[in-house]
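Asker: Need a 3D model of the following:
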Amino acid sequence: MCFDVVVSGLNVVDLLFTLPEQVKRDSKHEVESILIQGGAPAGNAASVMAQLGMKTAFLGNEGDNVLSDIAKRELQRCDVDTSLMLKKPEHNPAVALVEIDPNNGERTVFYSLNQYAALAPKDIDDRWLRDTKLLFVDGYDRAGNIALLKRARELGVPSVLDVEAGSREELLEMIRLGSHAILPLEAAVAITGKEKPEEALVELAKNSDAQFVITDGAKGSWAWFNQDVVYQGAYKTKVVDTTGCGDSYHGAYAYALLNGMNIKERMQFASAYASLVAQHIGGRTFHPSAEQVFEVINRNELL
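Answerer: Prediction:
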């Protein structure tokens, strides 16, 4: 089966709740909202691309338990193809407890990888890459994703990386193999030692021929293109929850890439998409259409 995008990375079940204004230890609290849905960089990005109409498959392990059922059904709910997932009975998806501040939409994440089994290099099937237009990986299932990136490079399949976790050496290896690397500023600083995104981009470009983009939430995003910095501001929005906004940026960027948009257009589309996701609790609660994203772009209301 041929796909537009094959996605590999962390598979998570999110439990999201709004934080009460007053919290008393060792007591019970009623909260405004509790939501269970799929999450994580790769899973959320896959959902974005699938909801935008791209034929998207998710790689990873599938256990024989309730959490695995939830994670798989959440991908399927968002039209992500799960036929490539591998049966590993003892595997559990990661679980994240997401605490949302109702005053500003900021989220604090607590997560567990107990019994989580990452995709391993030995699990990789060459047919996955021969039958896709784009590989999308995150920085969590690193051994398997590095092996995928190596094979994709050999086959001439472009790749988009969501790089936010791992040792400096592992992250450098990934960005040397990838075609497009999107990093939060924190990861870019950890790799380069440069605090400013413009300076970090210059250092990153010394290590790889990838197209680099650095994101920093409401402060916007920066790219290194033709020996110059391209900046995209964040769009004004009513922030309810920032969960999944970065993941949505990456998924929307990949969609824009496969639709032939240039670097500035990709950053605009990704930023506008993320601004709409921020208006809802949870990273997969609302998936705007391309038309809705372009409406935001055309209004051009930047922070």
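Asker: any chance you could map the helices in the stretch 201-303 of the chain?
Answerer: Secondary structure of the stretch 201-303 of the chain (DSSP state H, counting those that start in this stretch): helices located at 245-258, 263-277, 290-299.
Asker: With residue 226 as the reference, name the closest of these.
Answerer: Proximity to residue 226 (CB to CB) singles out helix 263-277 among the helices of the stretch 201-303 of the chain, at 9.0 Å. C-betas here are computed from N, CA, C, even on glycine.
Asker: got the angle for the closest one vs helix 290-299?
Answerer: 110 degrees (axes from the mean of the first three to the mean of the last three CA atoms, to 10 degrees).
Asker: Between helix 245-258 and helix 263-277, find me the angle.
Answerer: 140 degrees.
Asker: Start at 21, not 1
Answerer: Yep, numbering from 21; the last one is helix 283-297 now.
Asker: Quick one: mean pLDDT for helix 283-297?
Answerer: Across helix 283-297, the average pLDDT comes to 98.
Asker: helices or strands next to it in the packing?
Answerer: Secondary-structure packing of helix 283-297 (3 or more CB pairs under 8 Å, 6 or more residues apart in numbering; DSSP states H and E): strand 241-245, strand 248-252, helix 265-278, helix 310-319.
Asker: Is it possible to get CSV of the ones you listed that adds mean neighbour count, distance to residue 147 and mean pLDDT?
Answerer: Converted to CSV, those look like this (neighbours: other CB atoms under 10 Å; distance: least, CB to CB, whole Å; pLDDT from 0 to 100):
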stretch, mean neighbour count, distance to residue 147, mean pLDDT
strand 241-245, 22, 33, 97
strand 248-252, 15, 36, 97
helix 265-278, 27, 20, 97
helix 310-319, 14, 30, 98
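Asker: Now distance to residue 302 too, for these, in a markdown table please.
Answerer: Conversion of those to a markdown table gives the following (distance: least, CB to CB, whole Å):
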| stretch | distance to residue 302 |
| --- | --- |
| strand 241-245 | 22 |
| strand 248-252 | 24 |
| helix 265-278 | 11 |
| helix 310-319 | 18 |
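Asker: got any ranges where the stretch 71-220 of the chain has weak pLDDT?
Answerer: Counting by pLDDT under 70, the stretch 71-220 of the chain has no low-confidence residues at all.
Asker: how about the helices in it?
Answerer: Going by DSSP H, counting those that start in this stretch, the stretch 71-220 of the chain shows helices at 86-97, 146-150, 162-175, 188-197, 205-212, 217-225.
Asker: quick one: buried residues of stretch 116-128?
Answerer: Under the neighbour-count criterion of 16 or more other CB atoms under 10 Å, stretch 116-128 has 116, 118, 120, 122, 125, 127 buried.
Asker: dump the residue contacts of the fifth one.
Answerer: With contact taken as CB atoms under 8 Å, 6 or more residues apart in numbering, residue 125 is in contact with 259, 260, 261, 262, 298.
Asker: That one and residue 202, how far apart?
Answerer: Using CB to CB, to the nearest Å, residue 125 is found at 21 Å from residue 202.
Asker: do the fourth one as well
Answerer: From residue 122 across to residue 202, the span is 29 Å (CB to CB).
Asker: Output stretch 28-44 as CSV, restricted to C-alpha atoms.
Answerer: Extracted C-alpha coordinates of stretch 28-44, given in CSV (Å, rounded to 0.1, in the frame of the first residue of the first chain):
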residue,chain,number,x,y,z
SER,A,28,7.3,6.9,13.3
GLY,A,29,7.6,8.0,16.9
LEU,A,30,6.2,8.1,20.4
ASN,A,31,2.6,6.8,20.8
VAL,A,32,0.9,8.3,23.8
VAL,A,33,-2.5,8.3,25.6
ASP,A,34,-3.1,11.8,27.1
LEU,A,35,-5.2,12.5,30.2
LEU,A,36,-5.9,16.2,30.2
PHE,A,37,-7.5,18.3,32.9
THR,A,38,-7.9,21.9,33.8
LEU,A,39,-6.2,22.9,37.0
PRO,A,40,-8.5,24.4,39.8
GLU,A,41,-7.6,27.8,41.0
GLN,A,42,-7.1,26.5,44.6
VAL,A,43,-5.5,23.1,45.2
LYS,A,44,-5.5,21.5,48.7
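Asker: tell me the two of the buried residues of stretch 116-128 that are most distant?
Answerer: Between any two of those (CB to CB), the greatest distance is 18.6 Å, for 116 and 122.
Asker: circling back to that earlier point, export the helices of the stretch 221-323 of the chain as JSON lines, with columns for distance to residue 198.
Answerer: Shown next, in JSON lines, are the helices of the stretch 221-323 of the chain (distance: least, CB to CB, whole Å):
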{"stretch": "helix 265-278", "distance to residue 198": "12"}
{"stretch": "helix 283-297", "distance to residue 198": "15"}
{"stretch": "helix 310-319", "distance to residue 198": "24"}
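Asker: which residues are in contact with stretch 310-317?
Answerer: 72, 255, 272, 275, 288, 289, 292, 293, 295, 296.
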